[in-house]
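A.B. asks: can't give you the sequence, but here's the structure:
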């Protein structure tokens, strides 16, 4: 019986850490779900073509993305099935590119403004017409560094 | 009085925490590095610009891609697999042929006085050309330039172009300048994509 024990060796039982991994995993899942990776949600299909001689874009902060492709299935009803341009999170028309370029430049430091590379992420089944138009718009906006985004071809 | 011993904090879970951090950073770092074919667009010509003097015919390699993704080089149909060799021959003109580009002597660091090709590859695509084909052509042309630069770097330093220092790369780029000109867009076949 407890009340007769006199040796007084009452140890606090060790806290069970068995549930700690669960807490850790809960945290992990929380961060996984809640972190937005600052990626735009693509509203267009974007299967890029393959190429062998690719170069990596050096500075990620100096890249602005322009997506071109057919709208995804759920947007076909709203936007039709012709290839469209996507700037940031919305589909845009050709005339909006100039403003987009200016807006992109304003988010960069002054001395880096003319170092911005326009990364053209174009779906491989797009016709060149719209790409040429975009390039002309970029020339008009005097944003001349472009990169045709491709996947690396496995040799 | 009974001494209450503070139980030791169990450290087995630090591993879990470490893994948590590891996984978190693994997830949040975007692994896919943007890669692609880099090009510099020509600036928009000012409206009062005089029309550029025509380039001699021998100095131009005309690459045409039509709306059916057929490739023509200087007017002859060609398979895309042969384009690289053709472009390399055009850029280098190893036997100084009359119908291939002339060369101009330039002072280039490391190389001294060297011959630089005057050749320009004129790439013309149709509004109806597929982007896939266009990139394939661009890829082959880039490959031609890269192989020649590799070759020059090999001759001079016994290293590949990518392994050179910044100044050496610059010199090789001056020796073999990328001269891919994309003509002002026009509708080659009449009905390509819609404007």
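C.D. replies: On my side now, so go ahead. Fair warning: this is a prediction, and the values are worked out from it, not measured in the lab.
A.B. asks: what's near enough to touch residue A:122?
C.D. replies: Residue A:122 makes contact with A:48-49, A:67-69, A:131, A:148-149, B:131 under the criterion Cβ atoms under 8 Å, 6 or more residues apart in numbering or on different chains. All C-beta spots, glycine's among them, are computed from the backbone N, C-alpha and C.
A.B. asks: Now with 7 Å, please.
C.D. replies: A:68-69, A:131, B:131 (Cβ atoms under 7 Å, 6 or more residues apart in numbering or on different chains).
A.B. asks: Confidence-wise, which helix or strand of chain A is lowest on average?
C.D. replies: Within chain A, no helix or strand scores below helix A:20-34, which has a mean of 68 by mean pLDDT, DSSP states H and E.
A.B. asks: what two of the contacts of residue A:122 are the furthest from one another?
C.D. replies: Largest separation among those by Cβ to Cβ: A:69 and A:131, giving 10.7 Å.
A.B. asks: Which of the contacts of residue A:122 lies at the shortest distance from residue B:102?
C.D. replies: Scanning these for proximity to residue B:102, where the rule is Cβ to Cβ, the winner is residue A:131, at 32.9 Å.
A.B. asks: where's that closest one relative to chain B, distance?
C.D. replies: 6 Å (Cβ to the nearest Cβ, to the nearest Å).
A.B. asks: I'd like to know how many residues surround that residue.
C.D. replies: 25 (other Cβ atoms under 10 Å in any protein chain shown).
A.B. asks: for it, phi and psi?
C.D. replies: phi -70, psi -40 (degrees, to the nearest 10).
A.B. asks: Pull out the buried positions in stretch A:88-108.
C.D. replies: A:91-92, A:97, A:100-101, A:104-105 (16 or more other Cβ atoms under 10 Å in any protein chain shown).
A.B. asks: is chain B contacted by that stretch?
C.D. replies: No: using Cβ under 7 Å from any Cβ of the partner chain, stretch A:88-108 stays clear of chain B, coming no nearer than 9.7 Å.
A.B. asks: Residue B:6: which of the contacts of residue A:122 is nearest?
C.D. replies: residue A:69 (62.3 Å).
A.B. asks: ok, the nearest residue to the closest one once chain neighbours are set aside - contacts?
C.D. replies: Once flanking residues are discounted, residue A:69 sits nearest to residue A:123: 3.2 Å by Cβ to Cβ, 6 or more residues apart in numbering or on different chains. Residues near residue A:123 by Cβ under 7 Å, 6+ apart: A:44-47, A:68-70, A:83, B:131.
A.B. asks: In CSV: those, plus pLDDT, neighbour count and distance to residue B:34.
C.D. replies: Shown next, in CSV, are those (pLDDT from 0 to 100; neighbours: other Cβ atoms under 10 Å in any protein chain shown; distance: Cβ to Cβ, whole Å):
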residue, pLDDT, neighbour count, distance to residue B:34
A:44, 84, 21, 17
A:45, 83, 16, 18
A:46, 82, 18, 13
A:47, 83, 15, 16
A:68, 89, 20, 15
A:69, 88, 24, 16
A:70, 89, 20, 22
A:83, 86, 21, 21
B:131, 88, 25, 17
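A.B. asks: Closest one to residue B:104 out of those, please.
C.D. replies: residue B:131 (34.9 Å).
A.B. asks: if I pick that closest one, what's in contact with it?
C.D. replies: With Cβ under 7 Å, 6+ apart, residue B:131 has these contacts: A:49, A:122-124, A:126, A:128, A:131.
A.B. asks: Skipping adjacent residues, who's closest to it in space?
C.D. replies: Nearest non-adjacent residue to residue B:131 (Cβ to Cβ, 6+ apart): residue A:126, at 4.5 Å.
A.B. asks: do the same with residue A:41
C.D. replies: Per Cβ to Cβ, 6+ apart, closest to residue A:41 is residue A:89, 6.3 Å.
A.B. asks: Does that neighbour touch residue A:44 like I think?
C.D. replies: No: using Cβ atoms under 7 Å, residue A:89 is not in contact with residue A:44; the gap is 11.7 Å.
A.B. asks: can you map out the helices along chain A?
C.D. replies: A:20-34, A:73-79, A:96-106, A:128-140 (DSSP state H).
A.B. asks: so who does residue A:69 touch?
C.D. replies: A:44-46, A:83, A:122-123, A:126.
A.B. asks: Residue of chain A closest to chain B, please.
C.D. replies: Minimum separation of chain A from chain B (Cβ to the nearest Cβ) falls at residue A:129, amounting to 2.8 Å.
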